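[1] Requesting a structural model of the entry that follows:
(chains A, B, C and D)
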4 protein chains.
Amino acid sequence: MTQITISQPEVYLRRQLASDDDVIEAMLVSTQGAEVRELWSNEGREGIDGRIRFLMKNRHGTPFEHTYFKFFVKAPIAVFREHHRHRIGWSYNEESGRYKVMKPEFYIPPRERPLVQEGKPGAYVMSPGTDDQYDEMRATMATSFQEQFREYESLLSLGVAKEVALGVLPVYLMSSMYASCNARSMMAFLSLRTDEPEASFPSKPMWEIDQLVARHYELALKAYMPITYKAFCDFGRVAP
Amino acid sequence: MTQITISQPEVYLRRQLASDDDVIEAMLVSTQGAEVRELWSNEGREGIDGRIRFLMKNRHGTPFEHTYFKFFVKAPIAVFREHHRHRIGWSYNEESGRYKVMKPEFYIPPRERPLVQEGKPGAYVMSPGTDDQYDEMRATMATSFQEQFREYESLLSLGVAKEVALGVLPVYLMSSMYASCNARSMMAFLSLRTDEPEASFPSKPMWEIDQLVARHYELALKAYMPITYKAFCDFGRVAP
Amino acid sequence: MTQITISQPEVYLRRQLASDDDVIEAMLVSTQGAEVRELWSNEGREGIDGRIRFLMKNRHGTPFEHTYFKFFVKAPIAVFREHHRHRIGWSYNEESGRYKVMKPEFYIPPRERPLVQEGKPGAYVMSPGTDDQYDEMRATMATSFQEQFREYESLLSLGVAKEVALGVLPVYLMSSMYASCNARSMMAFLSLRTDEPEASFPSKPMWEIDQLVARHYELALKAYMPITYKAFCDFGRVAP
Amino acid sequence: MTQITISQPEVYLRRQLASDDDVIEAMLVSTQGAEVRELWSNEGREGIDGRIRFLMKNRHGTPFEHTYFKFFVKAPIAVFREHHRHRIGWSYNEESGRYKVMKPEFYIPPRERPLVQEGKPGAYVMSPGTDDQYDEMRATMATSFQEQFREYESLLSLGVAKEVALGVLPVYLMSSMYASCNARSMMAFLSLRTDEPEASFPSKPMWEIDQLVARHYELALKAYMPITYKAFCDFGRVAP
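    Below is the predicted model of the structure:
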């Protein structure tokens, strides 16, 4: 019997071409026209901070689009299901259960994951579970995933096509993808998929997409576009 | 123990506002400008057929966008996973396992579904399985789904949040959604998600998204936009 | 010499399939799954108002997408230039100066149009001009347009292709288009292209696209989706 | 009187992050899942050529999206009007006649531009004009542009706002923009905006957008993604 593996999501910034300067260039073509080319060899620009804050505050979004980030993401199908609903300014290529036999690798929430949902749809809060709840959940899931993968393999060995056999695999199966975006589409993602009480429009995303995916994207934004990132936070995390 | 149900995908055309006339109007504004308004009270237009064939043959796609179809679709998560990768000209709202307890309703392929995959990635064909293969697959899946749902319920009764408990549910769990599109985005979908050997660019979609979803969309296109549909087929099912 | 015409933009709602009920249906599939179909024959739904306000306040945007509006718009090229920058959820087909000889129809701002710009980029206000300023502007434009059209015709009679001759025509030449959208993409347009001081993110659009185009779209939203429209206004005209 | 300048469009590749390897990586995640990371340090990959040709031939488009090109483009408004109709996978920021006084710089077609349109809409061909036709066109345009700019300046000196005064400026006025895209959205642009008789779906774009803009984009694709570019050409210039 193939032994399953329990693992955690991973996010890597694979390539990027993104800076606060890219935003300024795109902004300044509005007011400078072709003279914006004089900026190309000018490293000591002034006023970047104020200009980016102006764009963010007034929701002038297009200058943030002239940037590029590509991530490699390993996460359970349940997370990808939500991720792929972001249609605009995002490109995806994902591991295919039609073309390959899936690996026996599954996600089980770590202990810090709030486990208990209290309240009604649209207004609930998540609270920590007890250690007993966590341990029992972990055991149930591990057993279930082991059994599910066993059934997947038995269907395959029966001669059933991969794309049919996968029907028994659970949404906590790990999958992989490349996801590309720009700073604007990333900020739209962050505004909906991170839980920040002080945001102007607070969201209640699923813990995994927030803590295990979005926060990694956020670090990339902060690292490569620090002024943009600070303005995003200062103005309520509203995507421009 | 909650008894599971095995069911098949369902597609309903819920609302539509789409006709070949809509295409012609949008096309004719190019050459007639504001005089296109004279068409509004003119039921006896001539030349629709040739004009639509011209657009299709030359891949002038935008006139087909001024149309609207809304479908209600019940299908397994595995199908929605592929469906949601169509980003442009599609709108989705889907049942949420975060907000509701999922029903114990699962998909098992019907007997006519080709079961056996032969060949390598990118070049395989699907063949029918034997009755024995089908029966064994069906039994394995039914047992697996029953067990998975039992584990889902046991996690819920343990107090684990719905959005975590769903991790053990398989991708053949049934879900529901509304999906809206226009004739152009629908044709892009059909060109990739139907298996038609005589298409100019043949695709090998998953059987379920082809036979159990796309073919229903195709019927709606044929019913409400018959000239468009015929031209789409005649010119190799290439989305304009 | 062909006499030119001075005219004003026109916006017609050509077709629509949009109601507050469409929003509710799309919203409720999240929590009701396939049982949402029971709503189809149920005219007396309760709680629409509160639900739509909840969606708007929390920026849950997708349920508003399952709606359709198609407009016929006649407006100067200068307005279409801005309009076409709205890429997502908008479809366009416009009169083509490559395929037809343009009509001698031009826009001159009406007397109520604020004429004088005071302040610097990003922070200016528009004030009314004097009657003298307006009259002189009107006379200058009328003369200019008459002369420009004469040159256009002389290029055409010289045998120059329509698509080249149009190079001398001004951006206040009138053009026509069909523009289709959904309630969500329309609200995104309204949030950026209307000047409402009490909006959460006030915009300073060009007067023509605000007063002569966007306000007509807004009336259509108000007429067909009154609850959505009221919630949009009450929550600061932020597109969900 | 301000003297006008006649100039030609300019296209610069400003930044890019694009290679055939990016396509392969995105493709291989389908069949290799997380093991695709082993490619990251592997410079000597085999089989790139065949794989990219497979994707192109079968119109698997998404792997081409994980790439980035940013161009600076100076071109007449008439060209930008067409360019901006490409909505998906394109980002734009353009010089604004609302925020700055436009420079007196205009486009006049060069002598090699076919001038005479023969045939009917949808089926015409463009032929060279005579030297006399060209010279007379050039003189008419130069005179017209000089006069139009004089009227623009007289409106400005009258105190009329920039955004109103621009109404008299012609669509051959030069403007500037940044335009960002990925290899897939660029190929969609090329397939519609270049005139290549041997294309599977030949287009008849306006000469300027083909020769003075699209061909520069094409050179960038060829330089940075030579295998992709060759496959694009070999398979009929159909965007995947």
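[2] Name the residues that touch stretch A:145-163?
    When contacts are defined by C-beta atoms under 8 Å, 6 or more residues apart in numbering or on different chains, stretch A:145-163 is touched by residues A:1-4, A:6, A:97-102, A:104, A:106, A:108, A:164-166, A:168-170, A:172-173, B:114-117, B:126, B:129, B:133, B:136-137, B:140-141, B:143-144, B:147-148, B:168, B:170, B:206. Any C-beta I mention is one placed from the backbone N, CA and C, and that applies to glycine too.
[3] quick one: buried residues of it?
    For stretch A:145-163, burial by neighbour count (16 or more other C-beta atoms under 10 Å in any protein chain shown) applies to A:145, A:147-152, A:154-156, A:158-163.
[4] and the two most separated of those residues?
    Farthest apart among these by C-beta to C-beta are A:Phe145 and A:Gly159. That separation is 23.6 Å.
[5] Just the buried ones among the contacts of stretch A:145-163, please.
    Buried among the contacts of stretch A:145-163 (16+ other C-beta under 10 Å): A:4, A:97-99, A:102, A:104, A:106, A:108, A:164-166, A:168-170, A:172-173, B:115-117, B:126, B:129, B:133, B:136-137, B:140-141, B:144, B:147-148, B:168, B:170, B:206.
[6] Just the ones of the residues you listed in helices?
    A:164-165, B:133, B:136-137, B:140-141, B:144, B:147-148 (DSSP state H).
[7] Tabulate those residues in TSV, adding columns for distance to A:Val73.
    Shown next, in TSV, are those (distance: C-beta to C-beta, whole Å):
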residue	distance to A:Val73
A:Val164	26
A:Ala165	24
B:Gln133	36
B:Glu136	36
B:Met137	32
B:Thr140	31
B:Met141	29
B:Ser144	28
B:Glu147	30
B:Gln148	25
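[8] ok, these vs C:Asp20, which is closest?
    Among these, and counting by C-beta to C-beta, the member closest to C:Asp20 is B:Gln148, at 38.4 Å.
[9] where does the closest one land on pLDDT?
    At B:Gln148, the model reports a pLDDT of 97.
[10] What residues sit buried inside the strand or helix carrying A:Ile52?
    Assessed by DSSP states H and E, A:Ile52 sits inside helix A:48-57. For helix A:48-57, the neighbour count (16+ other C-beta under 10 Å) marks A:48, A:51-53, A:55-56 as buried.
[11] Only alpha carbons, please: show the next helix or strand after that helix as PDB.
    Going down the chain from helix A:48-57, the next helix or strand is strand A:68-76, by DSSP H and E. Coordinates of each C-alpha in strand A:68-76 appear next as PDB, following Å, rounded to 0.1, in the frame of the first residue of the first chain:
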ATOM      1  CA  TYR A  68       4.700  41.200 -13.200                       C
ATOM      2  CA  PHE A  69       5.000  38.500 -10.600                       C
ATOM      3  CA  LYS A  70       5.000  34.700 -11.200                       C
ATOM      4  CA  PHE A  71       4.600  32.300  -8.300                       C
ATOM      5  CA  PHE A  72       4.800  28.600  -7.900                       C
ATOM      6  CA  VAL A  73       2.200  27.400  -5.500                       C
ATOM      7  CA  LYS A  74       1.600  24.100  -3.900                       C
ATOM      8  CA  ALA A  75      -1.700  23.900  -2.100                       C
ATOM      9  CA  PRO A  76      -4.800  21.700  -1.600                       C
END
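[12] Pull the number of nearby residues for A:Tyr68.
    When neighbours are defined as other C-beta atoms under 10 Å in any protein chain shown, A:Tyr68 has 25 of them.
[13] for the one 3 residues further on, same thing?
    Look at A:Phe71: counted by other C-beta under 10 Å, it has 20 neighbours.
[14] How about it: which residues does it bridge to?
    Judged by DSSP bridges, the bridge partners of A:Phe71 are A:Leu13, A:Ala179.
[15] Next up, the contacts around the residue located most distally from the centre of chain A.
    Most distant residue from the mean C-alpha position of chain A: A:Glu35, 37.4 Å away (C-alpha atoms, centre = their mean). If a contact means C-beta under 8 Å, 6+ apart, then A:Glu35 has no contacts.
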